[in-house]
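>>> Next comes the sequence, and after it the predicted model I'd like to discuss.
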Amino acid sequence: MVPEPGHRMGSSAPRLALAIAPEGNRAAMRSTPSIAVTGSNGALGSLVAQDLAHLGIAQRLLARTPSKAPDLPDAEVRQFDYGDQSASAEVLDGVEVLFMVSAPEGPRRMDLHRAFIDAASKAGVKHVVYTSFSAASPDAQFTLAREHHATEQYLEDSGVRWTFLRDSFYQDLMPDLAGQDGIIRGPAGEGRFVPVARADVARTAAAVLADPADRVPQ
């Protein structure tokens, strides 16, 4: 199920929240736009690419190692790197709708995000679908939620239309976080969270990518 678009949700909301840009020029968006998927050889990006392929949608798969990208019908594979702004702008040429997974955690994460968003804007990308995080905000206690909010803000300021997929922790990772006694421990006190399956995030992303104009709030 695709959540109702057009508003932001907090940490007590359902497993996946959407935040969508205000309505812009719909005429500029074709019903079947050129789509690019980053992280296409990763756990989430590959699922998004497969879902788009099942929908019969042509796409451009962006991967740091092209040989590891999935072999899908109507898909072309291009090499890219978040940190190489000029090369990113080149591979994004002709792309209208972009699925942007967050860069690996690290001290350069925000620099990589800004460089890639600048490249997307320079290339003429019209709509970016970004994998953010639940309750992303500038004063979030969770460090990564603050980084995701900063990326959201940069996208909003870029002038590119956007959709933020504010998903929770991936359910698929939960077994890896548990100790030998089956307990997941962390500095959260009595806090609670509801994880989300990557497959659900991917289906939601594919639905937005396939028809971004339909996700504009009325």
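Here it is on my side, so go on.
>>> Can you report phi and psi for V91?
The main-chain torsion angles of V91 are listed as degrees, to the nearest 10 and equal phi -70, psi -20.
>>> Over to M100?
As for M100, its main-chain torsions (degrees, to the nearest 10) stand at phi -110, psi 110.
>>> Which strand or helix spans the closest residue to it other than its chain neighbours?
In space, and not counting its chain neighbours, M100 is closest to Y130: 4.8 Å by C-beta to C-beta, 6 or more residues apart in numbering. Glycine gets a C-beta too; all of them are placed from N, C-alpha and C. Y130 belongs to strand 127-133 when elements are defined using DSSP states H and E.
>>> Could you grab the helix/strand/coil label for the residue of the chain most remote from its centre?
No residue in the chain sits farther from the centre than D181, which is 33.7 Å out by C-alpha atoms, centre = their mean. Under DSSP: H, G, I helix; E, B strand; the rest coil, D181 falls in the coil class.
>>> Let's see the pLDDT reported for it.
Predicted confidence (pLDDT) for D181: 94.
>>> One more: K126?
Taken from the predicted model, the pLDDT recorded for K126 is 95.
>>> ok, it - how many residues close by?
Other residues near K126 come to 20 when the count uses other C-beta atoms under 10 Å.
>>> Are we agreed that R166 is in a strand?
Yes: assigned with three-state DSSP, R166 falls within a strand.
>>> quick revisit: quick one: list the elements packing against the strand holding Y130.
With contacts defined as 3 or more C-beta pairs under 8 Å, 6 or more residues apart in numbering; DSSP states H and E, the packing partners of strand 127-133 are strand 97-100, helix 143-158, strand 161-167, helix 198-210.
>>> Buried deepest among those, which one?
Neighbour counts (mean count of other C-beta atoms under 10 Å) averaged over each of these peak at strand 97-100, with a mean of 27.
>>> Thanks a lot, catch you later.
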